[in-house]
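Participant: the following comprises the amino acid sequence and a computationally predicted model.
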Amino acid sequence: MLRIPVSDADHVQGNLNSAVVLVEYGDYQCPHCGHAYSIVKQVQQQFGDQLAFVFRNFPLAEIHPNAEAAAETAEFAASKGLFWEMHDAIYENQESLSVETLMRLAQQLTLSPLSLEDAWVKRAYLERVREDFSGGVRSGVNGTPTFFINGRRHEGAFELEDLVAAVDAAL
């Protein structure tokens, strides 16, 4: 079960009062999360207003050295109202993920690369990233991506047909 309830403090696409709330604990550098990114987009398109999608950070920094910086970058963008734009840009540039890529993406979103660098140095958004991570651990997350549907862990695969069937079942 999801131990940290979804709230307005989360990054949400859609209405939290939707019939189904899909939560992903993800790592921006994880290739499986990169694969799931496009699948989630298709699931969102298929279910429309019936589905809300929540993304929570779960950077596996020991195996993905740029994951934590990417999560902090997304949180930096969130502070400027651009979380989803940065989230999407990071996943769409995952194959070349680096500090330089994150700086370029910030600039493309008209965010100051110097302010981003300052946020990294000060670890300004690390606490938020670690809160998400800790909540994931408390909910039994030990790999990425991990999905929850209406608070229950999705134990199946995360291919399109599997997630669609799970969302259908929740409806």
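Facilitator: Alright, I've got the coordinates. Everything numeric in this text was worked out from a predicted model, so none of it was measured.
Participant: and the strands in the chain, which stretches?
Facilitator: 11-13, 20-26, 51-57, 146-149, 152-153 (DSSP state E).
Participant: quick one: closest of these to residue 65.
Facilitator: Smallest distance to residue 65 across those (C-beta to C-beta): 15.3 Å, for strand 51-57. Where C-beta positions appear, they are placed from N, C-alpha and C, glycine not excepted.
Participant: show me what that closest one is packed up against.
Facilitator: Where contact means 3 or more C-beta pairs under 8 Å, 6 or more residues apart in numbering; DSSP states H and E, strand 51-57 is packed against strand 11-13, strand 20-26, helix 31-47, helix 67-78, helix 126-138.
Participant: switch to 6 Å and redo it
Facilitator: Contacts defined by 3 or more C-beta pairs under 6 Å, 6 or more residues apart in numbering; DSSP states H and E place strand 51-57 against strand 11-13, strand 20-26, helix 126-138.
Participant: most tightly packed of those?
Facilitator: Burial of the helices and strands packed on strand 51-57 is given as mean neighbour count (mean count of other C-beta atoms under 10 Å); strand 20-26 ranks first at a mean of 24.
Participant: count of neighbours near residue 118?
Facilitator: Residue 118: 12 surrounding residues under other C-beta atoms under 10 Å.
Participant: gap between the residue lying closest to residue 89 once chain neighbours are set aside and residue 28?
Facilitator: Counting by C-beta to C-beta, 6 or more residues apart in numbering, the nearest residue to residue 89 once its immediate chain neighbours are dropped is residue 105, at 4.6 Å. Between residue 105 and residue 28 the computed distance is 11 Å (C-beta to C-beta, to the nearest Å).
Participant: for the spatially most central residue of the chain, give the beta-bridge partners.
Facilitator: In the chain, the C-alpha closest to the average C-alpha coordinate belongs to residue 55, at a distance of 3.5 Å (C-alpha atoms, centre = their mean). With DSSP bridges applied, the residues forming beta bridges to residue 55 are residue 11, residue 24.
Participant: thinking again about what came up before, residue 105 and residue 28: who's more crowded?
Facilitator: residue 28 (29 against 24).
Participant: next, the contact list for the more buried one, please.
Facilitator: Contacts here follow C-beta atoms under 6 Å, 6 or more residues apart in numbering; on that basis residue 28 touches 67, 70, 90.
Participant: show the pLDDT at residue 35.
Facilitator: As predicted, residue 35 sits at a pLDDT of 98.
Participant: residue 57 now?
Facilitator: As predicted, residue 57 sits at a pLDDT of 98.
Participant: now swap in residue 90 and tell me
Facilitator: Confidence per residue is given as pLDDT, and for residue 90 that number is 98.
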